[in-house]
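have a look at this fold, sequence not included:
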């Protein structure tokens, strides 16, 4: 009997792969190994709607339990994979099982980066990656009065917006000189600095954390300059680390992620990698290998790999796009920019629209509260980014028309 496809990781990438395989007519076994107790669930709402009690735990589930039996996808919860036996084509599990595979897919995701300072282990210090983290935060917010957030990335700012809406005192501590410094332009960062400030959120930029202080529980965050930020709840959001250890121990190439080719294959033709753990070449990064942390990337890579495994190979070439709900505002990004890219801010009556250019070639578009512009930008980038800085700056040039060639 064939062993079929074994997927290590039951997040959105792994589940999308399994679903797409079945949709494409794949008939052999599919085994989905997850290390959490839950059915596969959405992670983006954890820092948004779930914390705001706008969605329930059941509402997070990507598929109901009946789906897995109906489509013959063996979802194995609480399964921690400890090794890969490449010659024997088996994965080794912490419970002693060894599961055979015909094709192995690593969809192991990423984990939160730890804050390496004294006191980071105190009660009252949290990170947010999975549903269990979100549940702990929801419980802590009931009694919280003052919140310190270390890191002004998407997760930190989304959480800041949730806390401000509850009337809590919120301070965001960021080592860089502006929020989302690695992700957005100075213009978009300024929009959100202003918007969050109007909501009562305080920012401390260029600030290094040296300790979290408290007697058994967090009471304050100590900064390098001696400033003491009082807080009874501290959220650490300083980025993630790809879960590449299984691949590395098995002798596969890793470099800030599991290296794959344009078809999402590793060095071993029997092993592929997708989602947050994978580092793949992208034309949107001038052909360089990049690791993209987004639901869009996870879903598109799952579909692309399913097509290859069912005899329809195609280069992975999806336009990267991202979103972040921060307070009442929705940030959407299409494409991939670098800090050195030039910015062209288009005058708009509400929200924001910033075009990024690399050597006069469109690299990304950042929009705030402008979903139509975002969708047009995705189409323009998919077609090769044929938009000039002058066209970008001119509000009379309709983006939808430019996207459709009219």
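Yes, it's here. Bear in mind that the values here come from a model prediction, so they are computed numbers and not experimental data. Residues are numbered from 1 along each chain as shown.

how many neighbours does residue 65 have?
Number of residues near residue 65 (other C-beta atoms under 10 Å) recorded here: 10. In this view, the C-beta of every residue, glycine as well, is placed from N, C-alpha and C.

now do the contacts for it.
Going by C-beta atoms under 8 Å, 6 or more residues apart in numbering, residue 65 touches residue 39.

look up how far residue 79 lies from it.
Separation of residue 65 from residue 79 (C-beta to C-beta, to the nearest Å) stands at 16 Å.

and residue 189, by the same measure?
In this view, residue 189 and residue 79 are 41 Å apart by C-beta to C-beta.

which strands and helices sit next to the helix or strand harbouring residue 308?
Using DSSP states H and E, residue 308 maps to helix 295-309. On a contact count with 3 or more C-beta pairs under 8 Å, 6 or more residues apart in numbering; DSSP states H and E, helix 295-309 meets helix 12-23.

relative to helix 295-309, how tilted is the helix it packs on?
Helix 12-23 runs at 40 degrees relative to helix 295-309, counting by axes from the mean of the first three to the mean of the last three C-alpha atoms, to 10 degrees.

which other helices and strands does helix 12-23 contact?
Contact partners of helix 12-23 among helices and strands, from 3+ C-beta pairs under 8 Å, 6+ apart: strand 5-8, strand 30-33, strand 73-76, helix 295-309.

after the second one, next one along is what?
Going back to what we said before, that points to strand 30-33. In N-to-C order, the element after strand 30-33 by DSSP H and E is helix 57-60.

mind listing what's buried in that next one?
For helix 57-60, burial by neighbour count (16 or more other C-beta atoms under 10 Å) applies to residue 60.

measure the residue nearest to residue 10 when sequence neighbours are not counted to residue 184 for me?
Excluding the flanking residues, the one nearest residue 10 by C-beta to C-beta, 6 or more residues apart in numbering is residue 34, at 2.8 Å. As judged by C-beta to C-beta, residue 34 and residue 184 stand 32 Å apart.

residue 366 too?
5 Å.

skipping its backbone neighbours, what lies nearest residue 243 in space?
That would be residue 108: by C-beta to C-beta, 6+ apart, it lies 3.9 Å from residue 243.

any idea how far the helix holding residue 308 is from the chain center?
15 Å (C-alpha atoms, centre = their mean, to the nearest Å).

hey, what's residue 209 bridged with?
residue 223 (DSSP bridges).

burial count for it?
Look at residue 209: counted by other C-beta under 10 Å, it has 24 neighbours.

same question, residue 195
18.

before we move on, what about residue 74?
15.

what do you get for residue 47?
Residues near residue 47, counting by other C-beta under 10 Å, number 28.

OK, contacts around it?
128, 134, 154-155, 158-159, 162.

if we use 10 Å, what do you get?
Residues near residue 47 by C-beta atoms under 10 Å, 6 or more residues apart in numbering: 128-129, 133-134, 137, 154-162, 235, 237, 324-326.

likewise residue 392?
Contacts of residue 392 (C-beta under 10 Å, 6+ apart): 343-346, 353-357, 362, 365, 377, 380, 399, 402.

that one should be in a helix, yeah?
Yes: under DSSP: H, G, I helix; E, B strand; the rest coil, residue 392 falls within a helix.

in the stretch 151-300 of the chain, which spans are strands?
For the stretch 151-300 of the chain, applying DSSP state E, counting those that start in this stretch gives strands covering 169-174, 202-205, 209-213, 220-223, 228-230, 233-236, 240-242, 258-259, 271-273, 278-281, 289-290.

if we can go back for a sec, which residues are common contacts for residue 366 and residue 184?
Joint contacts of residue 366 and residue 184 (C-beta under 10 Å, 6+ apart) are 191, 322, 331, 333, 337, 343, 352, 354, 356.

buried residues in the helix or strand hosting residue 356?
Element membership of residue 356 [criterion: DSSP H and E] is strand 352-358. Of all the residues in strand 352-358, those buried under the rule 16+ other C-beta under 10 Å are 352-358.

so what secondary structure elements neighbour that strand?
Counting contacts by 3 or more C-beta pairs under 10 Å, 6 or more residues apart in numbering; DSSP states H and E, strand 352-358 is packed against helix 186-198, strand 329-335, strand 342-345, strand 361-368, helix 371-382, helix 389-393.

ok so, going back, can you check which of the strands of the stretch 151-300 of the chain gets nearest to residue 83?
Set against residue 83 and scored by C-beta to C-beta, the strands of the stretch 151-300 of the chain come closest in strand 271-273, at 13.0 Å.

quick one: buried residues of that closest one?
271-273.

also stretch 66-76?
67-68, 73, 75-76.

residue 374 is in contact with residue 355, correct?
No: taking C-beta atoms under 10 Å as the definition, residue 355 is not a contact partner of residue 374, at 12.0 Å.

list residues touching both of these two?
Joint contacts of residue 355 and residue 374 (C-beta under 10 Å, 6+ apart) are 365-367, 399.

residues in contact with residue 81?
6, 8-9, 33, 35, 91-94, 97, 99, 104, 106, 108, 246.

mind redoing it with 8 Å?
8, 33, 35, 91-94, 246.

check residue 369 too.
329-330, 350-352.

quick check, nearest of the residues you listed to residue 315?
Looking across the contacts of residue 369 and measuring by C-beta to C-beta, the closest to residue 315 is residue 330, at 30.7 Å.
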